[in-house]
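# Kindly return the folded structure for what I paste below:
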Amino acid sequence: NLAKIKNLEIKIYLSKEEIKWYNFGRVNLKNEWFDTNAEFYICGSHWLVNDSRKILEENGFTQIYSEEF
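Now for the predicted structure:
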């Protein structure tokens, strides 16, 4: 259970459907603050994944995992 891990913060955003307990909308990675050891899991179109990865890498993040559809 992830809720048992201390100091773990999970932010899940859904862009197409509004479901209770999830954030709705799109994320602007340039306006968000992330801890230096953050891990990113990106799921989306080829363009979304590549653009997001580029922004994160330009800001020094290396733990980026993705799935394209």
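# How about the contacts made by the nearest residue to residue 37 once chain neighbours are set aside?
Closest residue in space to residue 37, ignoring its immediate chain neighbours: residue 63 at 7.5 Å, by C-beta to C-beta, 6 or more residues apart in numbering. All C-beta atoms are positioned from the backbone trio N, CA, C, and that covers glycine. Residue 63 makes contact with 37-40, according to C-beta atoms under 8 Å, 6 or more residues apart in numbering.
# where along this protein do the strands fall?
In the chain, the strands defined using DSSP state E lie at 13-14, 23-24, 40-44, 64-68.
# Looking at those strands, which is nearest to residue 54?
Among the strands of the chain, strand 64-68 comes nearest to residue 54, with 10.0 Å by C-beta to C-beta.
# so what secondary structure elements neighbour that closest one?
strand 40-44, helix 46-58 (3 or more C-beta pairs under 8 Å, 6 or more residues apart in numbering; DSSP states H and E).
# by how many degrees do that strand and strand 40-44 diverge?
10 degrees (axes from the mean of the first three to the mean of the last three C-alpha atoms, to 10 degrees).
# Beta-bridge partners for the residue positioned nearest the centre of the chain, please?
Centroid-nearest residue in the chain, with C-alpha atoms, centre = their mean: residue 40, separated by 4.8 Å. Following DSSP bridges, residue 40 is listed with bridge partners residue 64.
# all numbers from here: first residue = 38
Sure thing, new numbering starts at 38, so read that last one as residue 77.
# ok, now which ones touch it?
Listed by C-beta under 8 Å, 6+ apart, the contact partners of residue 77 are 89, 93, 98, 100-102.
# Give the ChimeraX command for selecting the buried subset of the residues you listed.
To isolate the buried members of the contacts of residue 77 in ChimeraX, using 16 or more other C-beta atoms under 10 Å:
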select :89,93,98
